[in-house]
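Asks: next input, structure requested:
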Amino acid sequence: MATISTQLRTLLKEPSKEELTRIFFALDGQPAPGEPALGDKVDISAVVSIQGMDDSSYAGRLYIIGPYLTFASLDRKSVRFTLPLCTVRRVERLNSRTGAFALSLLLWHGIKLILQLTSLRPTADAFCARLRDALKIQLQLGNMRSMKTFVKSCYSESLVASASSTVANEREDGSLLSADGQSYLGGLGLKYKFPGDPKKLREASKTKLWAQYLREHGRNLTLLRYPQCTRLVQVGLPNRLRGEIWETLSGSLYLRFNNPGLYERILKENDGKTSTSTEEIEKDLQRSLPEYSAYQSEEGIDTLRRVLTAYSWRNPELGYCQAMNILAAAILIYMSEEQAFWLLEVLCVRLLPGYYSPSMYGTLLDQRVFEALVHRCLPMIHDHFQEVDVQLSVASLPWFLSLFINSMPMIFAFRIVDCFFCMGPKVLFQVGLAILKINGDALLNIQDDGQFINLMREYFASLDQSAHPHSTDSRARAITRFQELLLVAFREFSVITDEMIHNERRRFRGEIIHGIESFSKRAAVRNLKTFRRFKKDQIGLIYDVLFKAICVAPPPPSVNPPVTSGSEHERPETRIDLKTFRVFLSEIATWARDDAIVSNGFQERVDRTIPEHELVDRLFFFWDTSCRGALSFQDLVNGLDGIMFGDLMSSIEWFFTLHDKDKDGYLTRDEVLTVSESLLFIFRYELGDAYLGAVSRFMTNAFEYGDALQQDSEKTAEPEGNQSHNKPYLNLATFRMVVLADELLEEFFEQDLRESFRLQTVEIEDVSHVGQPTGFLGLGGLLSTIVTEDNKKIFNRFTDEIGKTIGKHQVMHRPSIGRMDRKVALEEPKARESLLPPSSSAPRLNVTLPGRSPSPAGSVKEKDQQSLLSAPSPLTPVPASPVVNPLKFAVLERTPFAIDEARDDGETDDDDDISIVGREDDAEVMDEVDAFLEAHDSGLSEADKAIAADLQTATPLR
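Replies: Model (predicted):
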């Protein structure tokens, strides 16, 4: 069978305000031991400026989030930074002539940051106290001492220092002439060269501009993101700095700083181990950017293998999924193994959640969002695609899944990836819409998917060509199609914001979840070995009950470990433990749940609880025929088939075998007592005393007949007082006769036991709490906050107390059999008649109803529980969605582009008359930077700017 996963209902839940704040500031993971939690947050209004720089003052909100100091300007895009508190060397209170409450922070790289706190004085004092306490914690943990070692791993330190040895050891594209003496981290491009021609990419000018920016605005852990940073990223990062800027903008730099050596430990601890993930990785290694020279060598393949394997052990629930190899291979060109490992963590968990899971729910959700945006922004193209039945996702899904790396030349794809890490996932939607708009006329003429894919392939191959080749203006001819693409994306589709994407995802989340879960259900049903005597719709009902049980009581990971190579011939499947089985059985068997009908004068409700009884535990281990200590979907189908289609004799035999511990065909005396306990548990809420009397007569007859059959053998055995309770006592034939001697028990085994197992429609949505409530849409957020399970329980307890006070509180338990129309069930218990003739009757035994005395079944239970904890069970995630399967090979196959070929310093194209080369000077690069210039409002009035300027020269308080 396939696996059953409920992760969509937890991973796609609505993020809280605190989670959205952490995502905005690129904060992931758990803080180091002793550090404040990331949920521990305090904020204040502030004006931030850099000492010695004009026009650097911006108003916004300042936060202390765990061990980080963060800031966002009022428009939340002009200025932003995330500073680990261990990078703060000194904090001073400034003496301002205007009386403003301001602090001066000296950062690790010598930058003085001026913070003007614009809130009330008590709020400012409290913020300063919190900042002081957080800095003390950093001192105690010694994080400030680790800074010196860590920053040496960053290339920006060498770049800003402008060491002559560093510059002399580099080619023009940033790759190294010799690796001797290298202390900073870097990717495969240092040895195998970076894609593209460094002269055409203007590497020297970009590097010079970035070096100037990093000197003035900090670097690596102290980078301050001002408007110029975004514009420089849009123009394109220099090859040598690209990896470091990626990890700084994405926040993976903080994970690497907080977890030193973890990557190497994961590799060492799992050395030699194999799993299904490692086997899939081996299959895809040779298909990962094969046109790049590094992946034509063992060194490059081994590097990629280690990163993907380490992450599969880091996140075993996800493991390895389709397209992760393309992404990892691309970032390894610019980043070291450890850097790529942490960036992969950020991509899979925060930036692109669900993109690289087996169900690809994140990709499918964003494809639905993208289609909605096309409908809104480009309605003519959307309507034409609908008319000719062209699937937009045929081309757009690989764009999103590989961040355009598999679709366009790498030198252009990496420019989009630069913007993606800087501005977030909205870039993918903006670029996708721009591609469709630029090719709008041609798209209105296509008639099928094949024409659509060919058109996109031709367009991507021409991105280095002039967008206006016939223009008389030389400047217009110099604009390439790729530059045109970015201008259209960031100007015409600037209306696509993070908030819009978030709202659209929330709108389509339920639709995507339902589609994936429906496919998973069909796959699980289809992969069953046998339906037994169930019909297909009945199998579907069993699946729904199992899914709900997993939602309510998820089995622990130890029950479903990843499949290892030792079980490679076994189909992966989900198994449930005893706790989840109790929930499952309570939804099917009426006697496995306690339904209390409560009325208190205000409401009438049904409170359901799940009792724990040995009968339920015994049934769990009885259905576990493979002795794994956990049940699969197939085990549940087989087990239910054994009881739901039985007649009188087979039901009696099933109940007998259920209580026969050693399966020798006999019940011992203690097992007979256990049978009576099970019957009493099933009949516990039946009206009258008829069922109680039936169990009493069953016990008396069983012991009377059992003793009579053993009279001859007992003459040579030890005295009756020393009889063992574990000797064979009652066989199946005798058990049947004892049961059939009672009319009520006969009717129970003939009809009631079978009918107590009921397959009914289950409302799974009630369990998930996914998305917003369907009613009261205007109050969705408020209603979901108020109407919680805990609040419902509080309200019920309150009304119950009032009901008890006014004398209207009543509780009735719903019977599990409930045969009110059966006359014999309502009669008083009759006097028992002996089953044996008077001559052969054994002495009357003084038998009472059994209590909770110890029995051999207790040891059985303990032994089986130990096997439950130790037995391995395979698990792999949800099967891939049907939407993804047709595109599997299209995603993995990449068209090689000649423009990506790495060039030496002296190599140029003489026949290239399209000026993406231009004059290689700083002014030309800055012209392209200014092409992206937007108005960035600092949020300050003229008076506020005057105060900020005064603080530039303010002296510290003494």
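Asks: show me what the helix or strand encompassing Ile512 is packed against.
Replies: Element membership of Ile512, judged by DSSP states H and E, is helix 498-526. Here helix 498-526 touches helix 8-11, helix 361-377, helix 426-438, helix 536-552, going by 3 or more CB pairs under 8 Å, 6 or more residues apart in numbering; DSSP states H and E. All C-beta atoms are positioned from the backbone trio N, CA, C, and that covers glycine.
Asks: how about these in CSV, adding distance to Gly187, mean pLDDT and mean neighbour count?
Replies: CSV is the format used below for the helices and strands packed on helix 498-526 (distance: least, CB to CB, whole Å; pLDDT from 0 to 100; neighbours: other CB atoms under 10 Å):
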stretch, distance to Gly187, mean pLDDT, mean neighbour count
helix 8-11, 30, 59, 18
helix 361-377, 26, 94, 21
helix 426-438, 22, 96, 22
helix 536-552, 42, 88, 19
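Asks: got those helices as a markdown table, with distance to Gln234 columns?
Replies: Shown next, in a markdown table, are the helices and strands packed on helix 498-526 (distance: least, CB to CB, whole Å):
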| stretch | distance to Gln234 |
| --- | --- |
| helix 8-11 | 32 |
| helix 361-377 | 21 |
| helix 426-438 | 10 |
| helix 536-552 | 44 |
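Asks: now do the SS call for His109.
Replies: Using DSSP: H, G, I helix; E, B strand; the rest coil, the structure places His109 in coil.
Asks: re the thing from before, averaged pLDDT, the helix holding Ile512. What do you get?
Replies: For helix 498-526, the mean per-residue pLDDT is 88.
Asks: can I see the domain layout of the chain?
Replies: Domain segmentation of the chain under automatic domain parsing yields 155-218+236-351, 361-496+895-931, 646-757.
Asks: measure the first one end to end?
Replies: With CA to CA, to the nearest Å as the measure, domain 155-218+236-351 spans 25 Å from end to end.
Asks: ok so, going back, can you say which of the domains of the chain is nearest to Leu541?
Replies: Using CB to CB as the measure, domain 646-757 is the one of these that comes nearest Leu541, at 11.4 Å.
Asks: now for Trp108: which residues touch it?
Replies: 87-89, 147, 151, 221-222 (CB atoms under 8 Å, 6 or more residues apart in numbering).
Asks: return the helix or strand in the protein with minimum mean pLDDT.
Replies: Comparing helices and strands within the chain by mean pLDDT, DSSP states H and E singles out helix 856-870 as the least confident, with a mean of 39.
Asks: what's the mean pLDDT across the strand or helix carrying Arg240?
Replies: Assessed by DSSP H and E, Arg240 sits inside helix 239-250. Here helix 239-250 scores 95 as its mean pLDDT.
Asks: buried residues, the longest strand anywhere in the chain. List them.
Replies: The strand spanning the most residues in the chain, taking DSSP state E as the definition, is strand 41-50. Neighbour-count burial for strand 41-50 flags 41, 43-50 (criterion: 16 or more other CB atoms under 10 Å).
Asks: what's that strand packed up against?
Replies: strand 58-65, strand 112-117, helix 121-141, helix 942-951.
Asks: so which of those is nearest Thr657?
Replies: strand 58-65 (60.3 Å).
Asks: what strands flank the very next helix or strand once past the closest one, and is each parallel or antiparallel?
Replies: The helix or strand immediately downstream of strand 58-65 is strand 68-73, counting by DSSP H and E. Here strand 68-73 is paired, per DSSP bridges, with strand 58-65 (antiparallel), strand 80-84 (antiparallel).
Asks: possible to save the ones you listed as a markdown table with distance to Ile652, mean neighbour count and mean pLDDT?
Replies: What follows is the strands paired with strand 68-73, written out as a markdown table (distance: least, CB to CB, whole Å; neighbours: other CB atoms under 10 Å; pLDDT from 0 to 100):
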| stretch | distance to Ile652 | mean neighbour count | mean pLDDT |
| --- | --- | --- | --- |
| strand 58-65 | 66 | 21 | 94 |
| strand 80-84 | 70 | 21 | 95 |
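Asks: format the ones you listed as JSON lines; extra columns: distance to Lys191.
Replies: Shown next, in JSON lines, are these (distance: least, CB to CB, whole Å):
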{"stretch": "strand 58-65", "distance to Lys191": "39"}
{"stretch": "strand 80-84", "distance to Lys191": "31"}
